[in-house]
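**Student:** the sequence isn't on hand, but the structure is:
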DNA sequence: TTGACATGCAAGTGACCACTTGCCTATGGT
DNA sequence: ACCATAGGCAAGTGGTCACTTGCATGTCAA
């Protein structure tokens, strides 16, 4: 089930979720704990594990993040293709 | 005063505001009443005048809309340049 | 000037959102 | 088997947001 268009903008509305996308650009396929520690260390984000997990739920609903379960680890992968709608909806003269 | 980066994403989070941007792309420099009627007619948006006005406040704070007062009319103009941050922040392979 | 028109301002309300809290499931090492 | 690790599920809470309501301001035409 792919996310609706509205879910993309809703996902981008939160600053913590935008930093998560930044972090996944820098290093794709991180686990939840990896993301938590790296967000705290490098991006000064002080959010709990559950908070980050719920943010990842929103990002997954928007189609921006896919989850891959492997043993007791869940790896998170970035998919920026839904962002093309944002980039092309309104004309920006480059 | 130019809006913060976070204001751009907040402005795009609401579907009515996104339709307002669509409408201003189609016809720039509209008044509040023009926007209200055209949003109702063409985009099936049923929002009051005050609601639209407040949406325009948010868009103005994000730097996406500028206001030009002339007599008793206030014309609204679109500025898509803040959207470049959204288009370039995360890499999208075209 | 008088009244209709176009808009602005501000307090109040209901819904949604981010976050917490507490508990549960499952995997893997020793 | 035991226990620590990695993660999931769900109810509750405070704050923010969109919208309404009511009134005020300013502009133009007759």
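**Tutor:** Perfect, thanks for sending it. Remember, it's a predicted structure, so these values are computed and weren't measured experimentally.
**Student:** which residues of chain A lie near chain B?
**Tutor:** Residues of chain A found near chain B (CB under 8 Å from any CB of the partner chain) are A:6, A:9-10, A:12-13, A:15, A:18, A:21-22, A:25, A:80-81, A:83-84, A:86-87, A:89-94. (Each C-beta comes from the backbone N, C-alpha and C, glycine too.)
**Student:** ok, of these, which come out buried?
**Tutor:** Among these, those buried by neighbour count (16 or more other CB atoms under 10 Å in any protein chain shown) are A:9-10, A:12-13, A:18, A:21, A:80, A:83, A:86-87, A:89-90.
**Student:** give me the lowest-pLDDT entry from the residues you listed.
**Tutor:** Minimum pLDDT across these is recorded for residue A:87, with 90.
**Student:** please report phi then psi for the residue nearest to that residue when sequence neighbours are not counted.
**Tutor:** Once flanking residues are discounted, residue A:87 sits nearest to residue B:87: 4.0 Å by CB to CB, 6 or more residues apart in numbering or on different chains. Dihedral pair for residue B:87: phi -70, psi -20, per degrees, to the nearest 10.
**Student:** isn't residue B:87 right up against residue A:89?
**Tutor:** No - with contacts counted by CB atoms under 8 Å, residue B:87 stays clear of residue A:89, the gap being 10.2 Å.
**Student:** please, where are all the strands along chain A?
**Tutor:** A:65-70, A:73-78 (DSSP state E).
**Student:** mind checking how far residue A:8 is from residue A:32?
**Tutor:** As for residue A:8, its distance to residue A:32 is 22 Å (criterion: CB to CB, to the nearest Å).
**Student:** quick one, which of those two is more surrounded?
**Tutor:** Using other CB atoms under 10 Å in any protein chain shown as the criterion, residue A:8 and residue A:32 rank with residue A:8 on top: 21 against 17.
**Student:** and that one, what's its pLDDT?
**Tutor:** 98.
**Student:** just the helices from chain A, written as ranges.
**Tutor:** For chain A, helices defined by DSSP state H occupy the ranges A:5-12, A:15-26, A:32-43, A:49-61, A:84-89.
**Student:** and the last one, what does it pack onto?
**Tutor:** The contact analysis (3 or more CB pairs under 8 Å, 6 or more residues apart in numbering or on different chains; DSSP states H and E) places helix A:84-89 against helix A:5-12, helix B:84-89.
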